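K.L.:
build me a structure from this.
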Amino acid sequence: MLRRLIVLGLVVAAAAALAVVVFASRGPDVPRTLTPAAGNSETTVDPLAWSAKRRGALERRAAAGLAHVIYAKSPGGAVVSAARTATWRPQVERAAKAGGIDPDLLEAIVMLESAGRSDALASNDLHGAAGLTQILAETGQNLLGMHIDVARSARLTRGINRGHKVAARLRERRRVDERFDPAKALAGTVRYLRIAKARLGRTDLAVAAYHMGIGNMQTALGAYGKHDIPYARLFFDSTPLRHAKAHRILGALGDDSSTYLWRVYAARNIMRLYRRNPNRLARLAELHGRKASAEEVLHPADRTPMYADPFAIGRARASGELVALDRRQLAGFGIRVDPDMGELAARLHQSRRLYRALRPQALRMLEVIGAGTRAIAHTRPLVVTSTVRDERYQRVLAARNIEATHNFSLHTTGWAFDIARRYRSHVQALAFQFMLDRLTALNMIAWVREPGAIHVTVAAP
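P.N.:
Predicted coordinates for the structure are as follows:
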């Protein structure tokens, strides 16, 4: 049975995650249960709940937590893309000033949409997004008043790709398809943002609508029940258990739309670092590039101690640096411990139980994930298959399992765990995915999908 719980505090650190610190009884007459995604009430405690007082912190965390895709996929890397984007700054400032738009936001859209490439194409179909700010042909023609002849633009593009009379064709394409004219593309984007702000009433809603569309934003706000609210409230206060209709609408638009504003803010941060702290930008680009997730941004290899051998893990458990998994307690949070966890321990003449432990903050996060998934899906527990290892154990594992890394593993630090991709139902899989996505948006975890498990790394307080 779930124990009676109350969250006594959240640690908020500038460079790390919100972390659930203490759970304790509120009293025998008024039990409160850890229920992420449900909001705070007389019977529930939600450490992830929206709070107007934390709006700024939530926006900053979302920008940091969702930055990885920009670092990972920017053409030539984030530093090169930032340099390319920066060359458009004079034109960005002119367009922004003419339209009363923040030039940093407009520049961030350029960085995110095209990485500063005026000829960028979303696909081979020129009805789709194209140009410096990736404007759709229909939007440009019908809403923004741009001259866009898709058929002629496509013919010219084919000629450009063949390499025949490229300069002349580029000039002609800018004339027949104004999306490829940087000044007109920027002006078109400014017009869109002004139209969106006039209809939605807020700049943050207008920027978010640049990807999802003004009508879709109005539909989501209508489902939430309020219109003049920050996008952070719409996003963080809409869950499968709270404002569920608004959550479904945002989810149906796809992650690229629902998280667009946070990625614009992430791109804005990259451009600011490019100008103010290029060494920091280069360092972040390096860390993001090391793994398929942002786990080494959370815990860089050169700054994160590893457990060298079983004795190091033993000492960490004795001191409280690592906390042993309690099967009964975890069951109360919707987590089952795989009986095979630590199966290679005998090769090191150790007990499997030694390798069933986590850093306290990582253990709390495992509990939050389990409790949230169960509250949404109402199904049997998720299965945690791996927690802490030492370097000797990791070498034995890597020799047997081609998926195990021979390099730095966050498992050897106590900050990571794996959850089996064996779900009791599709509903449970979706609930678990929601928890992963929401915690990533809060910069509390980084995760990656492996063939048999979801590998989760928890940020330090």
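
K.L.:
C-alpha from now on. contacts and neighbour counts both.
P.N.:
OK.

K.L.:
pLDDT weak spots in this structure?
P.N.:
1-31 (pLDDT under 70).

K.L.:
now the strands for it?
P.N.:
Counting by DSSP state E, the segments of the chain that form strands are 10-11, 19-20, 33-34, 44-45, 323-324, 335-337, 357-358, 382-386, 416-420, 445-449, 453-458.

K.L.:
counting contacts, what elements does the fifth one pack onto?
P.N.:
This points to strand 323-324. Contact here means 3 or more C-alpha pairs under 8 Å, 6 or more residues apart in numbering; DSSP states H and E; on that basis strand 323-324 packs against strand 357-358.

K.L.:
can you list the strands that the strand it packs on pairs with?
P.N.:
Note on strand 357-358: by DSSP bridges, its sheet partners are strand 323-324 (antiparallel).

K.L.:
wait, residue 365 sits on residue 458?
P.N.:
Yes. Between residue 365 and residue 458 there is a contact under C-alpha atoms under 8 Å: 7.2 Å.

K.L.:
got the contact list for residue 306?
P.N.:
390, 391, 412, 413 (C-alpha atoms under 8 Å, 6 or more residues apart in numbering).

K.L.:
do the same with residue 186
P.N.:
Taking C-alpha under 8 Å, 6+ apart as the definition of contact, the neighbours of residue 186 are 91, 92, 95, 132, 133.

K.L.:
ok, now with 10 Å
P.N.:
Going by C-alpha atoms under 10 Å, 6 or more residues apart in numbering, residue 186 touches 88, 91-96, 106-107, 109-110, 131-135, 179, 192.

K.L.:
first to last residue in stretch 207-223, what's the distance?
P.N.:
Criterion C-alpha to C-alpha, to the nearest Å; first-to-last residue distance in stretch 207-223 is 19 Å.

K.L.:
run the chain-centre distance for that stretch.
P.N.:
Averaging C-alpha positions (C-alpha atoms, centre = their mean, to the nearest Å) puts stretch 207-223 20 Å from its chain's average.

K.L.:
try stretch 81-91
P.N.:
25 Å.

K.L.:
ok, now stretch 367-387?
P.N.:
Between the centre of stretch 367-387 and the centre of its host chain there is 20 Å, according to C-alpha atoms, centre = their mean.

K.L.:
now stretch 234-248
P.N.:
Taking mean C-alpha positions (C-alpha atoms, centre = their mean), stretch 234-248 and its chain are 17 Å apart.

K.L.:
which positions within it qualify as buried?
P.N.:
Using 16 or more other C-alpha atoms under 10 Å as the burial criterion, the residues of stretch 234-248 that qualify are 234-243, 245-247.

K.L.:
can you give me the neighbour number for the residue lying closest to residue 110 once chain neighbours are set aside?
P.N.:
Of all residues beyond its chain neighbours, the one nearest residue 110 is residue 133 (5.3 Å), with distances taken as C-alpha to C-alpha, 6 or more residues apart in numbering. Here the number of neighbours of residue 133 (other C-alpha atoms under 10 Å) works out to 30.

K.L.:
list the residues that contact residue 133.
P.N.:
Here residue 133 is in contact with 106-120, 179-180, 182, 185-189 (criterion: C-alpha under 10 Å, 6+ apart).

K.L.:
distance check, it against residue 204.
P.N.:
Between residue 133 and residue 204 the computed distance is 17 Å (C-alpha to C-alpha).

K.L.:
same check, this time on residue 39
P.N.:
Where residue 204 is concerned, residue 39 sits at a distance of 24 Å (C-alpha to C-alpha).

K.L.:
also residue 297?
P.N.:
Residue 297 sits 27 Å away from residue 204, taking C-alpha to C-alpha as the criterion.

K.L.:
which of these two has more neighbours?
P.N.:
Just comparing residue 297 and residue 204: by other C-alpha under 10 Å the higher neighbour count belongs to residue 297, 22 against 19.

K.L.:
the more buried one against residue 444, yeah?
P.N.:
No. The criterion here is C-alpha atoms under 10 Å, and residue 297 misses it with residue 444 at 11.7 Å.

K.L.:
so who does residue 264 touch?
P.N.:
By C-alpha under 10 Å, 6+ apart, residue 264 lies in contact with 63, 66-67, 70, 104-113, 207-208, 270.

K.L.:
give me phi/psi at residue 408?
P.N.:
phi -60, psi 130 (degrees, to the nearest 10).

K.L.:
ok, and the closest non-adjacent residue to it?
P.N.:
residue 301 (6.6 Å).

K.L.:
about what we covered before: among the strands of the chain, which comes closest to residue 222?
P.N.:
For residue 222, the closest of those is strand 44-45, at 26.1 Å, according to C-alpha to C-alpha.

K.L.:
show me what contacts the most centrally placed residue in the chain?
P.N.:
By C-alpha atoms, centre = their mean, the chain has its centre lying nearest to residue 66, at 3.2 Å. When contacts are counted by C-alpha under 10 Å, 6+ apart, residue 66 is found next to 259-260, 262-266, 294, 437, 440-443, 446.
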